[in-house]
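> Turn this into a structure:
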Amino acid sequence: MKSSNIGGQAVLEGVMMKNRDTYAVAVRKPDGEIEIKKDNYRSVTGKWSALTKIPFIRGVFNFVDSMVLGMSTLNWSAGFYEEEEEARERTEAEKKKAKKQEDLLMALTMVVSFVLAIGIFMVLPYFISDFLKKWVPSYTVRLILEGVVRIAIFVGYVAAISLMKDIRRLYQYHGAEHKCINCIEHGLPLTVENVRKSSKEHKRCGTSFMLFVMIVGIVLLFFVRVDSVVMRVIVRIALLPIIAGISYELIKWAGNSNNPIVCILSKPGLMLQHLTTKEPNDEMIQVGIASVEAVFDWKEYLRKNFGWQDGEETSDVSGSI
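Okay, the predicted model is just below:
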């Protein structure tokens with residue numbers, strides 16, 4: 001497998017794909033047509049964009065960038081499903097005001113979501129493990145239990161929301177995103193048929209990244225120990241940028257390597273993706289293909305990396321990771 005270095009995410013009834021600084025969002029509108037938005041993304045680092053290239057530091061900023069772009073494209077896709085009458089009756093001034101309100105709401109949502117994520121997935125597992133101090137005196141064992149609890153909460157959360165109808169449909173588009181990338185990275189022309197038979201799991205997925213974050217966090221805590229409860233909570237929060245930086249390098253390494261050890265390390269994340277990705281239908285695959293083609297020349301990629309020629313039948317190497 002040869003990494004294409006493109007990535008993306010599922011949005012409401014669509015797929016966003018990003019290649020370097022260019023991204024495209026393809027959405028299946030209520031009338032059945034596919035709408036595509038293509039634009040350049042400017043990093044939150046602004047003139048300090050070189051920070052997104054420095055190993056172990058870039059992971060933090062790339063994570064923030066992915067959150068900002070993700071929320072923005074989700075809001076854009078949701079716009080197609082507001083009441084049509086309401087949209088038509090808005091004046092330009094009202095639309096501008098609504099845009100400012102949406103931007104403010106997006107920023108507020110990101111902050112609240114981040115705080116809740118830290119509380120639920122980082123702080124809560126510590127207090128649960130600390131509650132067991134009477135029965136488990138060893139701090140090392142409690143650290144391991146904390147990691148187990150953290151992963152259990154995360155897996156439980158993912159499994160619970162996957163039962164929701166709207167989330168399940170979003171996970172189908174997530175599957176379409178992965179299958180499109182796997183298709184071309186395994187040397188197959190980007191067609192509905194080839195995408196359909198490709199894998200819906202990918203080593204560079206955000207789900208795998210989050211799992212790495214939890215595992216790396218526990219490993220680092222073995223080396224950073226403090227006595228007070230308050231300091232232990234502070235340390236867990238303060239280590240987040242370092243954890244994110246290391247996890248990003250691991251996920252990037254995994255996505256560019258076929259090393260057997262790397263494949264073994266990637267297995268837990270791929271298994272978890274069985275919950276966060278679902279098999280898409282052909283219409284969803286078409287949306288994923290449209291998004292890829294808006295930002296990535298897959299034909300040139302196949303020519304360069306697989307010796308493919310237009311019209312040539314490429315052998316089925318399957319989409320398995």
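> shaky segments in the stretch 151-300 of the chain?
Along the stretch 151-300 of the chain, no part satisfies pLDDT under 70.
> And residue 234, how far from residue 23?
Look at residue 234 and residue 23: by CB to CB, to the nearest Å, they are 36 Å apart. For the C-beta atoms, the positions are set from N, CA and C on the backbone; glycine is no exception.
> what about those two, which has more around it?
Here residue 234 and residue 23 are set side by side on neighbour count (other CB atoms under 10 Å), and the busier one is residue 23, at 24 against 12.
> Who's the closest spatial neighbour of the more buried one, skipping the chain neighbours?
When the adjacent residues along the chain are set aside, residue 23 lies closest to residue 41, with 5.3 Å between them (CB to CB, 6 or more residues apart in numbering).
> you'd agree the one you found is up against residue 66?
No: with contact defined as CB atoms under 8 Å, residue 41 does not count as touching residue 66 (9.9 Å).
> contacting residues for residue 183?
Residue 183 makes contact with 189-190, 194-195, 198, 319, according to CB atoms under 8 Å, 6 or more residues apart in numbering.
> That one and residue 299, how far apart?
When distances are taken as CB to CB, residue 183 and residue 299 turn out to be 13 Å apart.
> Buried members of the contacts of residue 183 into ChimeraX, please.
Buried members of the contacts of residue 183 can be picked out in ChimeraX with the line below, counting by 16 or more other CB atoms under 10 Å:
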select :189,190,194,195,198,319
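> Bridged to residue 25, which residues?
residue 16, residue 37 (DSSP bridges).
> For it, the count of nearby residues, please.
Neighbour count of residue 25, defined by other CB under 10 Å: 27.
> Isn't it up against residue 12?
No: in this structure residue 25 lies outside contact range of residue 12 using CB under 8 Å: 10.0 Å.
> between those two, what contacts are shared?
Residues touching both residue 25 and residue 12 (CB under 8 Å, 6+ apart): residue 77.
> In this structure residue 170 contacts residue 12, no?
Yes: between residue 170 and residue 12 there is a contact at 7.1 Å, judged by CB under 8 Å.
> out of those two, which sits in the more crowded spot?
Under the neighbour definition other CB under 10 Å, residue 170 and residue 12 were set side by side, and residue 170 has more, 22 against 19.
> name the element the more buried one belongs to?
Residue 170 is located in helix 165-185, with elements delineated by DSSP states H and E.
> from the chain's centre, how far out does that helix sit?
11 Å (CA atoms, centre = their mean, to the nearest Å).
> Which positions in it come out as buried?
Of the residues in helix 165-185, 167, 169-185 count as buried by neighbour count, 16+ other CB under 10 Å.
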